[in-house]
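1. Build me a structure from this.
(one chain, ligands or ions: 1)
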Amino acid sequence: MSTDLGTWPEGVARHVLARVETTMAEASRLAPHLAGPAWILAHEQTAARGRRGRPWRMPPGNFAATLVFHPPGGPAHAALYSFVAALALDEALGYLLGPAARLSIKWPNDVLLNGGKIAGILLESLGIGGQISHLTVGIGVNLAAAPPPADLEPGAMAPVSVAGETGLTITPEELLTPLAAAFDRRARQFETYGFAPIRTAWLARAARLGEKVIARTTTETHEGVFETIDESGAMILRTAHGPRAIAAADVFF
Ligand SMILES: O=C(O)CCCC[C@@H]1SC[C@@H]2NC(=O)N[C@@H]21
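-> This is a model prediction of the structure:
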């Protein structure tokens, strides 16, 4: 894909807010009034949330934004935007940090820098009766600072920040344009050609592919070699008991 990500995508709205509880709630509130996709960026969140209902800490200067749009297709198709988003964020950060930056993606959608977590992505869908009216894709990036270790869950991967790892100061607005441009391109590719090219591009950026990992679901722990992801985005592990498809889990290296 071309690396020119400096132009805001046509037909996409942008709202920049000083302080909100969470951009996820702002996006849900705006959804019924939108004519097309919109990004909501906030400089401060007082009640940010992460995956699995966990809180998300946001030191000042970090990036917090939610994209809200109407996705084509049903819930299974919408869930694959998780990979579109991770790929777009990896590309936007690569565009800003340069080719030497050691970026990778931890299944399904954490972006890592030098092996530490710098970003998290949260997908939520709005709608009734299994019909999705809107999808919200929330993205948090530790641009200025990683959350303090005391805020971490036991066993969680150590977070890092862009400033801490590279010495570069990147403002949330500076990240928003390449991220919106990269997401727009990858989403168009997904909508035109399906998941196959997204899957291929995602696998090329995957952390620990071909290596041993541990996947913890809410009820089980699986250890095995991370072989690939399938057409539904599930992680395929080669375990001592044969291949396992893991649809949702926390992954530990
Ligand atoms: O648990 C994770 O890794 C996902 C974290 C997602 C955080 C972002 S920050 C912007 C948006 N607003 C929220 O409240 N959460 C997401």
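
2. C-alpha only now, for contacts and for neighbours.
-> OK.

3. Point out where the stretch 101-250 of the chain drops to low pLDDT.
-> In the predicted model, the stretch 101-250 of the chain carries no residue with pLDDT under 70.

4. Which parts of it are helices?
-> 162-166, 172-193, 196-204 (DSSP state H, counting those that start in this stretch).

5. For the nearest residue to Thr228 once chain neighbours are set aside, give me its contacts.
-> Distance criterion C-alpha to C-alpha, 6 or more residues apart in numbering; nearest residue to Thr228, sequence neighbours excluded, is Ile236 at 5.4 Å. Going by C-alpha atoms under 8 Å, 6 or more residues apart in numbering, Ile236 touches Phe226, Glu227, Thr228, Ile229, Asp230, Pro243, Arg244, Ala245, Ile246.

6. Tell me what Ile236 is bridged to.
-> Following DSSP bridges, Ile236 is listed with bridge partners Thr228, Ala245.

7. For the closest residue to Phe252 other than its chain neighbours, grab the count of nearby residues.
-> Excluding the flanking residues, the one nearest Phe252 by C-alpha to C-alpha, 6+ apart is Ile214, at 5.0 Å. If you count neighbours by other C-alpha atoms under 10 Å, Ile214 ends up with 17.

8. Contacts only, for Ile214.
-> Ile214 sits next to Thr221, His222, Glu223, Gly224, Val251, Phe252, Phe253 when contact means C-alpha under 8 Å, 6+ apart.

9. Roughly how far does the fourth one sit from the ligand?
-> Between Gly224 and the ligand the distance, using C-alpha to the nearest ligand atom, to the nearest Å, works out to 23 Å.

10. Same check on the last one?
-> In this structure, Phe253 and the ligand are 16 Å apart, going by C-alpha to the nearest ligand atom.

11. My read is that that residue contacts Leu209, right?
-> No - contact criterion C-alpha atoms under 8 Å: Phe253 and Leu209 do not qualify, at 10.9 Å.

12. more crowded one of these two?
-> Neighbour totals were compared for Phe253 and Leu209, and Leu209 leads with 18 against 12 (other C-alpha under 10 Å).

13. Does that one touch Phe226 like I think?
-> Yes - applying C-alpha under 8 Å, one finds Leu209 in contact with Phe226, separated by 5.3 Å.

14. Any idea which of the helices of the stretch 101-250 of the chain gets closest to the ligand?
-> With C-alpha to the nearest ligand atom as the criterion, the ligand lies closest to helix 172-193 of those, at 11.4 Å.

15. So for that closest one, what gets flagged as buried?
-> 172, 175-187, 189-190 (16 or more other C-alpha atoms under 10 Å).

16. burial of the spatially closest residue to Glu211 that is not a sequence neighbour, as a residue count?
-> Leaving aside its sequence neighbours, Glu211 sits nearest to Val225 (C-alpha to C-alpha, 6+ apart; 5.1 Å). With neighbours defined by other C-alpha under 10 Å, the count for Val225 comes to 19.

17. Over to Thr219?
-> Thr219 sits with 6 neighbouring residues when counted by other C-alpha under 10 Å.
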